[in-house]
Each structure stands twice: as structure tokens, then as C-alpha cells.
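1. Based on what follows, work out the 3D shape:
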Amino acid sequence: AFSDLEGYIELALSSKVDTSKQVAEDLLRFAQNLRSSNASAQESGSHSNKEWQSRLRAYIFAVKLNHKILAEYVDLQDEWLPEWAELVTEWKSTLSMNSSI
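-> The predicted model follows:
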């Protein structure tokens, strides 16, 4: 889970090497891909409850990773901050899934 990796992420972001911003951008790219591949809009057909929960955890992990990095690299927010509409869509999807279970 995110909490297991949080210390390592902080260590990577706090390093003062020249490539730390590149590492941050690579992690942001990873988070974006993880978010988009696990978004509810990507669902095709019905999934089991277990698979849906797994996708939701991956999506939440990606959002947490994104915000952790952007808190450290504020100058990257314009390019990498997720749109609020995307987050609201996922939230609504989660509510509808919870009510159907």
C-alpha cells in the first residue's frame, strides 16, 4: 500500500541530486498511467467485486502518489495535477458501486 512506500518516495524526492526532478516526473507519469488504466471509465463489462476493489485501490494509490510528489514539486502542478472532474467522476462511480453491492 501507499504507506509502505511513502518513506521511500520521500527519500527519492528529498535527494538533492540533479536528477530528482526527472525522477519526480517519471513517478508522475507512472501515477497518471495507473490512474487512467484503473479509472471506472475504462471498465468494459462487469467485474467482480474483488477486481473492482483492486482497481479502486490502485486508483487511490496513484492519486496519493501524485499529490505527494506535487506537494514537493509545486512547479509541476499545472502539468500533472488531475482534473477535479476526473476525481468527482471516480467518487460518483464509487458511490454507485457501493450502493449496488
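2. alpha carbons only for contacts and neighbour counts from here, please
-> Will do.
3. mind checking the SS state of the residue most central in space within the chain?
-> The residue lying closest to the centre of the chain (CA atoms, centre = their mean) is residue 62, at 1.6 Å. Of the three states, residue 62 takes helix under DSSP: H, G, I helix; E, B strand; the rest coil.
4. Correct me if wrong: it contacts residue 38.
-> No: in this structure, residue 62 is not within contact of residue 38 by CA atoms under 8 Å, at 9.3 Å.
5. what's the helix or strand for residue 16?
-> Using DSSP states H and E, residue 16 maps to neither a helix nor a strand.
6. what about it, how many neighbours?
-> Applying other CA atoms under 10 Å, we find 9 residues neighbouring residue 16.
7. And it, how far from residue 10?
-> Note on residue 16: its distance to residue 10, by CA to CA, to the nearest Å, is 12 Å.
8. what does residue 52 give?
-> In terms of CA to CA, residue 52 sits 29 Å off from residue 10.
9. and if you look at residue 2?
-> 12 Å.
10. And residue 90, by the same measure?
-> With CA to CA as the criterion, residue 90 and residue 10 are 27 Å apart.
11. ok, those two, which is more surrounded?
-> residue 90 (19 against 13).
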